[in-house]
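In: give me the fold of what follows.
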Amino acid sequence: MGERNLRDKNPKGAVASFSEAIARNPNSARAYSGRGLAKLRLKEFENAVADFSRSLEIRPGNVDSLVWRANAHRRLGNLKEAVGDCSEALRIDPKSFHALSCRGIARGEMGQFSEAMKDHQQAADLGPNEAVVYGSRGDTYLAGNDLPHAIQDYSKAIDLDPAIAEFYRSRGRAKGISGQYKDALADFSKALELDPTDANAHNGRGAIRMLTGDQLDLALDDFNKAIELDPRDPKYLLNRATYLSMMNRPDEAFRDVTRALTLLPPNSPDEAGAYATRGGILSQKGDQKGSFADCTKAIELDPTYEVGHLNRSNACLQLSDWDGAIRDATKAIELNPRIPMPYVNRALAYEKKGESAQAIRDYEQALKVAPIKWSSADSVRQSLSELRKKK
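Out: Just a heads-up that it's a prediction; the model follows:
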């Protein structure tokens, strides 16, 4: 019954079935392993590790349990443990392309891209027609920001197995980052056609809709659904907070981002984004000093996160610190020249300093990189027209 629930994408039912099996036979390695897999799919990673560990105590050396436990460790950020489990699995079965693919992803997340690619290539040699091999290598390319190769591998995985939602969702993410918004939206929608319970795909589609301004009202529906499906994932709360802030609902946005901060694990890579988001919301609420402090915290945590610099430039504008606004907007542009708002902020600061030529150039560039349905386009055109008349 537990296996059937897993096949039917009912992990909660699988947990209940396997728990009943464990109650009948506390020494069933298969039941612990099955329940661990169900908990892995429910993102209960610590409980999954415990179940896989118990299964391995009863039946040492099971390759599947080792690889699944490695995946759970990886999701917890325990990358050395993940690599260790995969290496043990490969000692037992050197031809396990699943273990090689998992180890490759973990090594990529550790920044060991050369070693990761060796694992992925060996996996591809062993399983040249296995979709998971290319999906896993795509994950490593994505982690290394090699978007063309990531998209190529996800497309190969889809060709080999077009029924797996995860491959479309991952390709949608890579295409969204590379600015292929229409294709990204199509991929996220296809992922949801295949698996309507994919919270990550709802979140990704909502993010694209929010970024492009296309079907903006439906973005909130996607974020709400993602949170309904997985209320403890802080990324979904952060994206909804950003949307609510855009819709001038800062009090609701502040509640979401503050809750997200309580859910983030220590040293989470998403912590910088949370502080940057809250900094932007505090500016909207009129607390410019609080905004400046939160954005500074974000920049300290991750100096390469452009939103921290962008939102601090907003605070600087409100505090009449024109040079500070120019400095932070310039840094945001260096980090990501494809988003329009840093150019707008820098243009506003240049205007205040009486440097019209620089302001005009920045307004023009903002319009050039902006999405088609950018909500600020009309106001930027108006500012640009007025500046040109003054010249």
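
In: for H98, what are phi and psi?
Out: Note on H98: backbone dihedrals following degrees, to the nearest 10 are phi -60, psi -40.

In: tell me which element the nearest residue to it once chain neighbours are set aside is part of?
Out: The shortest distance from H98 to any non-neighbouring residue, by Cβ to Cβ, 6 or more residues apart in numbering, is to V67 (5.1 Å). No exception for glycine: its C-beta is placed from N, CA and C like everyone else's. Assessed by DSSP states H and E, V67 sits inside helix 63-75.

In: chain center to that helix: distance?
Out: Centre-to-centre, helix 63-75 and its host chain are 21 Å apart (Cα atoms, centre = their mean, to the nearest Å).

In: so what touches that helix?
Out: For helix 63-75, the surrounding residues in contact (Cβ atoms under 8 Å, 6 or more residues apart in numbering) are 29, 33, 36-37, 40, 43, 45-46, 48-49, 52-53, 55-56, 59, 79, 81-86, 88-89, 92-93, 96, 98-99, 102-103, 105-106, 109.

In: so S33 touches N62, yeah?
Out: Yes. Taking contacts as Cβ atoms under 8 Å, S33 lies within contact range of N62: 7.0 Å.

In: pull up the overlap in contacts between these two.
Out: Contacts common to S33 and N62, judged by Cβ under 8 Å, 6+ apart, are S55.

In: give me the more crowded residue out of these two.
Out: The neighbour comparison of S33 against N62 (other Cβ atoms under 10 Å) goes to S33, with 23 against 19.

In: tell me the contacts of the closest residue to the more buried one other than its chain neighbours?
Out: Leaving aside its chain neighbours, S33 sits nearest to S55 (4.1 Å; criterion: Cβ to Cβ, 6+ apart). Going by Cβ under 8 Å, 6+ apart, S55 touches A29, R30, Y32, S33, G36, N62, S65.

In: picking that back up, could you list the buried residues of the helix holding V67?
Out: V63, D64, S65, L66, V67, W68, R69, A70, N71, A72, H73, R74 (16 or more other Cβ atoms under 10 Å).

In: how about the residue nearest to S33, secondary structure?
Out: Following DSSP: H, G, I helix; E, B strand; the rest coil, S55 is assigned to helix.

In: ok, it to G280 distance?
Out: Note on S55: its distance to G280, by Cβ to Cβ, to the nearest Å, is 46 Å.

In: one more: R59?
Out: Taken as Cβ to Cβ, the span from R59 to G280 is 51 Å.

In: who's in contact with the residue nearest the centre of the chain?
Out: Nearest residue to the geometric centre of the chain (Cα atoms, centre = their mean): K235, 7.2 Å. Neighbouring residues of K235 by Cβ under 8 Å, 6+ apart: N203, A260, D270.

In: which one of the residues you listed sits in the busiest neighbourhood?
Out: Tallying neighbours with other Cβ under 10 Å puts N203 at the head of those, with 26 neighbours.

In: what separates that one from N336, distance-wise?
Out: To N336, N203 is 20 Å away according to Cβ to Cβ.

In: again, but for Q112
Out: For Q112, the distance to N336 equals 26 Å [Cβ to Cβ].

In: same check, this time on Y350
Out: With Cβ to Cβ as the criterion, Y350 and N336 are 20 Å apart.

In: out of the two, which sits in the busier spot?
Out: Higher neighbour count among Y350 and N336: Y350, with 23 against 15, using other Cβ under 10 Å.

In: what's the helix or strand hosting the more buried one packed up against?
Out: Assessed by DSSP H and E, Y350 sits inside helix 341-352. Counting contacts by 3 or more Cβ pairs under 8 Å, 6 or more residues apart in numbering; DSSP states H and E, helix 341-352 packs against helix 306-318, helix 322-335, helix 356-369, helix 377-390.

In: rewinding a little: element containing the residue nearest to the centre of the chain?
Out: Using DSSP H and E, K235 falls within helix 234-246.

In: pLDDT of that helix, averaged?
Out: Mean pLDDT, computed over helix 234-246, is 94.

In: just the CA trace of that helix, in CSV.
Out: Written as CSV, here are the backbone C-alpha positions of helix 234-246 (Å, rounded to 0.1, in the frame of the first residue of the first chain):
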residue,chain,number,x,y,z
PRO,A,234,10.3,30.7,3.4
LYS,A,235,11.0,31.3,-0.3
TYR,A,236,7.3,31.3,-1.1
LEU,A,237,6.5,33.7,1.7
LEU,A,238,9.3,36.0,0.5
ASN,A,239,8.0,36.1,-3.1
ARG,A,240,4.4,36.8,-1.8
ALA,A,241,5.8,39.6,0.3
THR,A,242,7.5,41.1,-2.7
TYR,A,243,4.2,40.9,-4.6
LEU,A,244,2.2,42.5,-1.8
SER,A,245,4.8,45.2,-1.6
MET,A,246,4.4,45.9,-5.3
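
In: please list all residues in contact with the residue nearest to R41 when sequence neighbours are not counted.
Out: Distances taken as Cβ to Cβ, 6+ apart put P11 closest to R41, at 4.3 Å, once the chain neighbours are dropped. Contacts for P11 (Cβ under 8 Å, 6+ apart) come out as N5, A38, K39, R41, L42.

In: same thing but 10 Å
Out: By Cβ atoms under 10 Å, 6 or more residues apart in numbering, the contact set of P11 is G2, N5, R35, L37, A38, K39, L40, R41, L42, K43, E44, T197.

In: go on, Q215?
Out: Counting by Cβ under 10 Å, 6+ apart, Q215 has contacts L185, R205, G206, I208, R209, D221, D222, K373.

In: go again with 7 Å.
Out: Q215 makes contact with R209, according to Cβ atoms under 7 Å, 6 or more residues apart in numbering.

In: again, but for the one 4 residues further on
Out: Applying Cβ under 7 Å, 6+ apart, we find A219 in contact with G206, R209, M210, Y243.

In: secondary structure element holding the nearest residue to it once chain neighbours are set aside?
Out: Leaving aside its sequence neighbours, A219 sits nearest to R209 (Cβ to Cβ, 6+ apart; 3.8 Å). For R209, the element it lies in under DSSP H and E is helix 199-212.

In: mind checking how far that helix is from the chain centre?
Out: Remark: helix 199-212 is offset 10 Å from the chain centroid, using Cα atoms, centre = their mean.
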